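J.: Attaching a predicted model along with its sequence, questions to come.
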Amino acid sequence: MKVVLKVRKKGVIILPKMLRNAIGVSEGESLIAEVDGKRIILRALKPRVVDIDPTVVDDILKETDRREEERYERIVNRGQGRA
């Protein structure tokens, strides 16, 4: 499928509905644009859905909390030593 597009003020181009439908994008969604020689390639930016075990996420959050608590304690202890 080929379509002629016009570059408008400030570089704005309008993607016709048939092109948007062909790559599965809707208003407000993002595209990735890359230059390949003299071509501009547009691809739909679709986030990957990853299935993660909730216990792994919980473990990571607990570790982050533990490190933040240690950091806080070091800051507080330094401040008490100066008083």
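T.: Received it, and whenever you're ready, just let me know what you need. Numbering: from 1, shown residues only.

J.: Just list the residues touching Ala44, thanks.
T.: Contact analysis of Ala44 by Cβ atoms under 8 Å, 6 or more residues apart in numbering lists Ile23, Gly24, Val25, Glu29, Leu31, Ile32. All C-beta spots, glycine's among them, are computed from the backbone N, C-alpha and C.

J.: hey, what's it bridged with?
T.: According to DSSP bridges, the partner residues bridging Ala44 are Leu31.

J.: Burial check on Leu42, number of neighbours?
T.: By other Cβ atoms under 10 Å, the residues close to Leu42 number 14.

J.: what's the answer for Leu19, then?
T.: Neighbours of Leu19 under the rule other Cβ under 10 Å: 15.

J.: I'd guessed it sits against Val4; true?
T.: No - counting by Cβ atoms under 8 Å, Leu19 stays clear of Val4, with 11.5 Å between them.

J.: Identify the residue nearest the geometric centre of this protein.
T.: The chain has Pro47 as the residue nearest its centroid, 7.7 Å off, counting by Cα atoms, centre = their mean.

J.: pLDDT wise, what is that residue at?
T.: Note on Pro47: pLDDT of 79.

J.: ok, it to Ser30 distance?
T.: To Ser30, Pro47 is 10 Å away according to Cβ to Cβ, to the nearest Å.

J.: Having no further points to raise, I will conclude here.
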